[in-house]
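Q: heads up, no residue letters with this:
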């Protein structure tokens, strides 16, 4: 039986009708037009579908849309409402991405990390994105970009 | 070479902002409205079976099902280099997972349910799942009609066998070469299949409108080649090139897997069956593994002769490729290796047999490296071994034999300008070659491995690139070419090339992904050739634009074009120091004369490049007489590996790779290719491990059990080194580097493991498990269980390279 | 991914209601907590429940509590909760050590430890860790609440003792009274997210007493009682470890599957036992590798 649910997506409350078997990722993409979370493996292995659910990175391919009723969801579209975040600026500067398909997930995973640990160690950086597969870059420019944000913050303190 | 202002710099990627904001659209992100249909394919459960009957009636009755399509509607073969495929086979299935029918429905859920109701009766046949068996007397044939297939003229299929192509290269006197050798080393190596694992799965949306116009939105590296193959496959339905438009937005990784046409043909065909409705075919991750292209497996026998002083006298290199059920693209991989399996060395006497064998595994095809990664594993292992056998340092041995400009290649043409010696020296210095390192952990030992590499683009001799450039009112530019931005940075590099000629900064240049209706032709984005080939076309287009600007200025203002030049986005004149005309003042609306009229109009340029010096025509028995390869890119690499003798686990402490880019147009992007390619290569050695059941079913079609590297799996350090010996016919001296960066990975690890613990492993992958067991005296192959990584489950040393069909 | 199969989604607000619902559907119902296992199974048609019962509406199941030497982990506590918990870091650092090699943050943010036990896959990492602590699973059902020792919990791959209408509400772990230290060693195909090819957990207690368990090398996680008996009261030495390693084949029954051969699993269990015993003992003495350091 379908049910109307309400999600706060990127700060905006949106109502949408979903069925019990609808996957959050599909509802975001097909019913709400939020396309940055990508379909990569649909079994939680690749991280391309990462969104922040109440601030925590999750696999939107492993969540029923109906489970998210009443929760807050942040996607990449929601980060730059007031201009690029320092993290996005850093990714741009470091040419961190190649094909870019993993970027939405990685930007969100790193956003969660920096919210939790403003000055992460290299190991913490690697761990934070360890569930986001990137086949192009070898991760190095991504890790460097995240570290640079942390270092810049440290300098400005 | 004159100083450059834009080329050789590393500006921000022009696609960067799209990708870090979520603005970048990939095919699956495009919206097609509520009329969009969804397709689900019905797949073969067998590796080899006759299709006796297909009953679609139950599926057709499901509410929401629009159409069920089978091969009845498409009884014609198609293919890129050889027409050996059906859109949906009608006669027989040739691998587990092959599409036999498709259900098109209003929603994906209905399509999925209805697909289960399609009843197909099969008669199982003996599958060809053993390379030696495929080549025995009177084998089961995968393609009984092989002799009838149309093909490109440089393929040599053998009717009545499973040999789809056999590239033979002969140079010098092989018997004499081995006679002159003081040492001969002969051994067998195997490389299993691998999967590309682009994070974006294949997806295509097709719409044949009611006027009969077919548009495809495709995740592809090859929009024009796709259009061409679609036109070929759909010609019986009355379609031609002008009726077909392929639009390719951003692609979420390719690595060769999105070259040519694989599953995309289904989208094109289904669109024809549901006119007026867009229809989407999106592959699942599992389908991505078993029904696109895979990197082919190979069993290779190398016989190498050398003199005591280290001079190579002869090589005999025989490669049997497990090419899968269809080889319309994969046979060209086999072909490419057949020309180049000497590696980047001077070898006076050569015998190469590169044999493409049909089997009942999924189709092989292009994968970053195009066969070179595969043969370099054995060859570069072998080089180190023979050097040690004659008591010579393996790096010194390579230096001594490394190919030089002007040397005669295996197929008779001359080697191009090359920085191989410089690459060898720089890598050896960076890795501390010759310096033994000791681990702090008593359980661990440290070894070093070294390898050289080379690769040429495998292109038909008439593979062309072209480009349009047009100005906008503000003096900014659009480049309309059809290479694909698959992540390598193509957009940015093309912009830099145009910028260099026209002085318009990269930030004012826009490139959009191809649309075959609107952008200039490009053969395909493969072979690491677009920087070179399309770069030449963009450079030519920029020169055309510049000359058109001069022409307008000359006509409007009477300044001789010979005195004009461009600087800082202005036309200037050597004869009149006070003259300067900003582009934005005239490139759209022309130049107003004293009479009030305007001269000129929108400035448009075009450029074309085709390697007119190449030829695929040569003697089929020797490959002499043609010029199949445009040039080779060369390099060297090394690794320091720390190995735990008890666990077998290996940590790559440092990896170094030097590649001769000719000219690095964007050095940071070149380094990005080196780091990314090196990690992709290391994964194929250390843990990527494709597995088939002995009945041909892919067992690990997911990232849970086919492991690709994560951020935790980086080597301690990767040092990229750029060598620049210019390519005379490249834009600003550039040649391609992207595929090359994963080619030496397998050999540097194999050689490092041998250096560390004296264990020579001749089959990939070299997993911790394999190393640990071998160090315990257990042969991995004896205990590994009932699976295979390619069509070969036997013992390496027992493989017979001279079974009936493969006899010379 | 379109899930071809239909099911009802039910979200009880109380434990009583959940039990009633589960009893009504019996085996046709599946409990949903983090969903990282269940949704994958349904999506790939490996599970086809008629009802999915989401327990996230039940209050009180998301707590980590430490009282009177007993640690209670509610059924909704995620691996990230455990990883970030100061009490876990202080009292049960080996649990934190385990969470570092379990999946990746995006999974840990959702997957629960109790769910991991309920999935009951042979490679679950929570099982062997909790086994050395003699953990007890709290179960609520139509007949009321009961406690199941972890040693009785698993009855087969993906099978537990849970009966119709029952739901696991939490797991309780007693802090050993003696001074102790532990070590978790996990064999993986690479450094990234991976399921265990094999794992060894060692809990070293003051007075040369050890508890040892293995994961991924039997139909379910196993305690190595023979090895524990051999080690009991003995000063750890290389020769004692060698003797312990000789008992490994009597404790485990590894198989060859897609992730490893039985030969490698067996070999590595001996290697990991050796290193795990030494590391746990060293940690007990206030030395040894920091928690989170991979020993292999």
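A: Great, that's in hand. These numbers were taken from a predicted model, which means no experiment stands behind them.

Q: quick check: residues of the stretch 1-150 of chain C near chain A?
A: C:1-3, C:5-9, C:32, C:35-36, C:39-40, C:42-44, C:52, C:54, C:56, C:80, C:100, C:103-107, C:109-110 (Cβ under 8 Å from any Cβ of the partner chain). Using the backbone N, CA and C atoms, a C-beta is placed for each residue, glycine as well.

Q: at 6 Å what do you get?
A: C:1, C:3, C:8-9, C:35-36, C:39-40, C:104-106, C:109-110 (Cβ under 6 Å from any Cβ of the partner chain).

Q: just list whatever residues bridge to the closest residue to residue A:73 other than its chain neighbours.
A: Counting by Cβ to Cβ, 6 or more residues apart in numbering or on different chains, residue A:9 is the residue found nearest to residue A:73 once chain neighbours are left out, at 4.9 Å. Beta-bridge partners recorded for residue A:9 (DSSP bridges): residue A:12, residue A:73.

Q: burial measure for residue A:9, as a count.
A: 21 (other Cβ atoms under 10 Å in any protein chain shown).

Q: now do the host helix or strand of residue B:227: which elements does it pack against?
A: Using DSSP states H and E, residue B:227 sits within helix B:223-234. In terms of contacts (3 or more Cβ pairs under 6 Å, 6 or more residues apart in numbering or on different chains; DSSP states H and E), helix B:223-234 is packed against strand B:244-247.

Q: which residues touch the strand it packs on?
A: B:214-218, B:223, B:226-227, B:230-231, B:515-517 (Cβ atoms under 6 Å, 6 or more residues apart in numbering or on different chains).

Q: in space, what's closest to residue 125 - neighbours in sequence excluded?
A: Answering for chain A, as no chain was given. residue A:146 (4.9 Å).

Q: wrong one, chain B
A: That would be residue B:48: by Cβ to Cβ, 6+ apart, it lies 4.5 Å from residue B:125.

Q: mark out where each domain of the chain begins and ends.
A: Since no chain was named, I'll use chain A. Domains of chain A are assigned by automatic domain parsing as A:3-77, A:86-156.

Q: can you look at chain B instead?
A: Using automatic domain parsing, chain B is parsed into the domains B:16-24+B:464-609, B:32-125+B:202-282, B:165-195+B:294-458+B:617-798.

Q: quick revisit: right, and the domains of chain A - which one's nearest residue B:428?
A: The closest of those to residue B:428 is domain A:86-156. By Cβ to Cβ, the value is 22.7 Å.

Q: for that closest one, what does the pLDDT average out to?
A: Mean pLDDT, domain A:86-156: 96.

Q: same check on stretch B:597-604?
A: So the average pLDDT for stretch B:597-604 ends up being 97.

Q: next, the buried residues of that stretch.
A: B:599, B:600, B:603 (16 or more other Cβ atoms under 10 Å in any protein chain shown).

Q: from chain A, how far off is the first one?
A: By that I understand residue B:599. Noted for residue B:599: a distance of 41 Å to chain A, by Cβ to the nearest Cβ, to the nearest Å.

Q: how about that residue, nearest residue that isn't a chain neighbour?
A: Nearest non-adjacent residue to residue B:599, counting by Cβ to Cβ, 6+ apart: residue B:556, 3.7 Å away.

Q: all good on my end, thank you.
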